[in-house]
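Peer 1: Have a look at this prediction, sequence included:
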Amino acid sequence: MTRRHRPVLLVLRTLKLGDLLVAVPALRALRRAFPEHRIVLAAPGWLSPIVRLVDAVDELLPTPGLDDPLPLEPGSVDIAVNLHGNGPESRAVIDALEPRRRIVHRLPDDPVIYDEAAPAWVDGMLERERWVRLVSAFGAAGDPDEVRIAVPEAVPPVTGAVVVHVGAFYGSRQWPVDRFAEVARALRADGRRVVVTGDERDRPRAVAVAEAAGLTDDDVLAGRIGLAEFAAVIARAPLVVTADTGAGHLASAYGVPSVVIFGPAPPEEWRPPPGPHVVLTDAAVRRGEAFATEPDPALLAVTAEAVVSAARGVMLPPEPRSTLDAAPSAGSAAEPGARRAAASGASDVGVERSSQALQDARQES
């Protein structure tokens with residue numbers, strides 16, 4: 001059977017970087033359960049450099065959102081999987097494909113039961129577990145902690161540097177510049193090279209952090225590197241400091257130690273898998289407004305001192321230059337960080353529990 005003549009299994013997940021990465025365990029479960037299918041992921045085209053690192057996906061179908069039907073003939077998809085949410089928009093996209101089988105959640109008042117195996121949607125679940133639970137109900141058993149992806153072939157502009165990621169799509173997750181700067185300054189004083197990352201929109205914040213921390217222009221990578229290079233930098237980092245963003249999920253995918261500052265999103269739903277990762281937040285003051293323009297109080301409750309202390313507790317020791325310069329192949333999934341994290345002896349860190357659940361926006365999309 002040729003590649004083009006294999007039956008198509010389409011997965012809908014048209015969201016952001018972190019959303020893609022928490023779906024990797026479910027994608028890998030689908031790959032094992034349906035080896036004869038061509039797995040097509042409907043996701044934003046800008047995620048292509050990362051999708052190529054997920055060996056469970058055969059093809060990316062660039063999909064910016066849910067406004068339009070997918071450009072596929074009805075009936076051309078054998079199995080359609082909704083890893084986007086459970087709202088009417090995403091369900092309509094799946095239904096329009098007229099697949100032979102749908103892997104979707106059940107709605108309590110749904111007049112159409114596509115499959116008796118379909119589980120009900122449960123609010124407040126850990127996202128990785130949510131999607132593994134869904135596909136497992138249809139015979140695709142998975143492990144919610146199987147988050148590894150391959151290391152990109154892209155040559156990183158720096159290796160062995162602590163990554164301070166100041167980017168965040170919404171203001172609710174933007175930890176203050178002065179606190180990022182204090183963390184960067186302290187780690188630099190420890191003798192570590194520190195780089196500041198983010199996208200083009202984050203560059204003014206990144207420059208401000210670098211200036212306040214005494215870093216150089218060369219240490220500001222925000223807006224200067226692509227997504228593949230960004231992943232390559234994180235894969236070779238001894239530590240990532242970030243708010244709850246895609247950078248933290250990349251650190252998890254590569255087994256790189258991380259300190260993740262949570263704001264509106266509860267760690268119970270988005271925490272890292274077991275490993276050398278520390279979650280900092282204050283659930284008691286969480287407002288939980290994900291799309292707000294101002295930082296969530298749970299984020300602001302985290303001090304720079306707390307982040308520096310946590311960072312020093314999990315950060316990997318400096319590696320010999322020869323090790324840092326070695327370029328792992330794109331086929332080696334999560335090897336650099338995973339090996340070094342295991343050698344460090346870092347233990348799992350408990351998550352501060354949230355008393356307020358964040359409304360899952362994807363439930364209504």
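Peer 2: Cool, the structure landed. Computed from a prediction, not measured in an experiment: that's the story for all the values here.
Peer 1: Return the alpha-carbon coordinates of stretch 7-26 using CSV.
Peer 2: This file holds the C-alpha atoms of stretch 7-26, laid out as CSV (Å, rounded to 0.1, in the frame of the first residue of the first chain):
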residue,chain,number,x,y,z
PRO,A,7,-6.3,5.3,4.9
VAL,A,8,-6.3,8.8,6.5
LEU,A,9,-6.5,9.4,10.2
LEU,A,10,-7.0,13.1,10.7
VAL,A,11,-6.3,14.8,14.1
LEU,A,12,-7.7,18.3,14.8
ARG,A,13,-5.6,20.4,17.1
THR,A,14,-5.5,24.0,15.7
LEU,A,15,-4.1,25.7,18.7
LYS,A,16,-0.6,26.9,20.0
LEU,A,17,2.8,25.4,20.7
GLY,A,18,2.0,24.2,24.3
ASP,A,19,-1.3,22.8,23.2
LEU,A,20,0.5,20.7,20.5
LEU,A,21,3.1,19.4,22.9
VAL,A,22,0.6,18.2,25.5
ALA,A,23,-1.2,16.3,22.7
VAL,A,24,2.0,14.3,21.8
PRO,A,25,1.2,11.4,24.2
ALA,A,26,-2.2,10.9,22.5
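Peer 1: buried stuff in it?
Peer 2: Burial within stretch 7-26, assessed by neighbour count using 16 or more other Cβ atoms under 10 Å, is assigned to 8-26. C-beta coordinates here come from the backbone N, C-alpha and C atoms, glycine included.
Peer 1: Can you give the distance of it from its chain's centre?
Peer 2: 11 Å (Cα atoms, centre = their mean, to the nearest Å).
Peer 1: Looking at residue 108 now. What's its pLDDT?
Peer 2: On pLDDT, residue 108 comes in at 76.
Peer 1: In this structure it contacts residue 118, no?
Peer 2: No: between residue 108 and residue 118 there is no contact under Cβ atoms under 8 Å: 11.5 Å.
Peer 1: neighbour-wise, which of those two wins?
Peer 2: Set residue 108 next to residue 118 and count neighbours by other Cβ atoms under 10 Å: residue 118 wins out with 18 against 6.
Peer 1: Count the neighbours of residue 293 for me.
Peer 2: Neighbour count of residue 293, defined by other Cβ under 10 Å: 9.
Peer 1: so what's it up against?
Peer 2: The neighbourhood of residue 293, defined by Cβ atoms under 8 Å, 6 or more residues apart in numbering, consists of 170-172.
Peer 1: host element of residue 231?
Peer 2: For residue 231, the element it lies in under DSSP states H and E is helix 227-235.
Peer 1: wait, residue 125
Peer 2: Going by DSSP H and E, residue 125 is not in any helix or strand.
Peer 1: If we ignore the residues flanking it in sequence, what's nearest it?
Peer 2: In this structure, residue 125 finds its nearest non-sequential neighbour in residue 269, 6.7 Å apart by Cβ to Cβ, 6 or more residues apart in numbering.
Peer 1: if I read this right, that neighbour contacts residue 126, doesn't it?
Peer 2: Yes: between residue 269 and residue 126 a contact is recorded at 5.8 Å, counting by Cβ under 8 Å.
Peer 1: hmm, back to that, from the contact counts, what lies against the helix holding residue 231?
Peer 2: helix 48-51, strand 194-197, helix 246-253 (3 or more Cβ pairs under 8 Å, 6 or more residues apart in numbering; DSSP states H and E).
Peer 1: which outside residues touch it?
Peer 2: Contacts for helix 227-235 (Cβ under 8 Å, 6+ apart): 17, 46-47, 49-50, 53, 151-159, 161, 163, 195, 197, 221, 225, 240, 247, 250-251, 254, 256, 328, 334, 336-337.
Peer 1: Check stretch 173-180 too.
Peer 2: Identification of contacts with stretch 173-180 by Cβ under 8 Å, 6+ apart yields 164, 166, 168, 196, 205, 208-209, 212-213, 241, 243-245, 261, 263-265, 295-296, 299-300, 302-304, 307.
Peer 1: From the residues you listed, which land in helices?
Peer 2: 205, 208-209, 212-213, 299-300, 304, 307 (DSSP state H).
Peer 1: are any of the residues you listed buried, and which?
Peer 2: Among these, those classed as buried by neighbour count (16+ other Cβ under 10 Å) are 205, 208-209, 213, 299-300, 304, 307.
Peer 1: Could you pick out the longest helix of the protein?
Peer 2: Criterion DSSP H: the longest helix present in the chain is helix 177-189.
Peer 1: How far off centre is it?
Peer 2: The answer for helix 177-189 is 24 Å, by Cα atoms, centre = their mean.
Peer 1: re earlier: which among the buried ones among the ones in helices among the contacts of stretch 173-180 gets closest to residue 64?
Peer 2: Here the nearest of these to residue 64, counting by Cβ to Cβ, is residue 205; it sits at 25.6 Å.
Peer 1: Now do the contacts for the residue nearest to the closest one when sequence neighbours are not counted.
Peer 2: The shortest distance from residue 205 to any non-neighbouring residue, by Cβ to Cβ, 6+ apart, is to residue 166 (4.8 Å). By Cβ under 8 Å, 6+ apart, the contact set of residue 166 is 174-175, 177, 180, 196-198, 202, 205-206, 209, 222.
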